[in-house]
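*Asks:* Attaching a predicted model along with its sequence, questions to come.
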Amino acid sequence: MSDVIDNKAHHHFELEVDGHLATEHYKLDGNVITFEHTDVPKELGGKGVGSKLVQGALDQVRSAGLKLIPQCPFVKAWVEKHADYQDLVAR
């Protein structure tokens with residue numbers, strides 16, 4: 001698997017795996033980023049691609065000093081399972 005890339009022009013993080021592109025769509029407002037939708041192609045389902053995408057995106061969110069609104073149910077559930085990322089959630 002390759003690294004997660006922030007495609008700012010298209011407002012999504014992306015991860016290419018086996019010729020398929022998984023994406024995490026976001027909206028940026030000041031220093032708050034809202035993760036709106038995770039899209040993992042069915043060919044990549046069940047391989048942990050969504051989790052790798054979210055973790056890579058959140059690592060970049062942390063290094064940019066942003067706060068997160070996990071609007072996407074997948075991201076919300078992922079953050080709830082990973083206590084070391086819960087500090088990123090905007091309160």
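*Replies:* Ah, there it is.
*Asks:* Ramachandran angles for the residue minimising distance to the centre of the chain?
*Replies:* In the chain, the residue lying closest to the centroid (CA atoms, centre = their mean) is residue 54, at 3.3 Å. Backbone geometry at residue 54, expressed as degrees, to the nearest 10, gives phi -60, psi -50.
*Asks:* Next up, the contacts around it.
*Replies:* Counting by CB atoms under 8 Å, 6 or more residues apart in numbering, residue 54 makes contact with 24, 35, 38, 74, 75, 78. All C-beta atoms are positioned from the backbone trio N, CA, C, and that covers glycine.
*Asks:* Poorly predicted segments of this protein, please.
*Replies:* 1-2 (pLDDT under 70).
*Asks:* remind me, longest strand of it?
*Replies:* Criterion DSSP state E: the longest strand present in the chain is strand 20-29.
*Asks:* Tell me the buried residues in it?
*Replies:* Neighbour-count burial for strand 20-29, counted by 16 or more other CB atoms under 10 Å, picks out 22, 23, 24, 25, 26.
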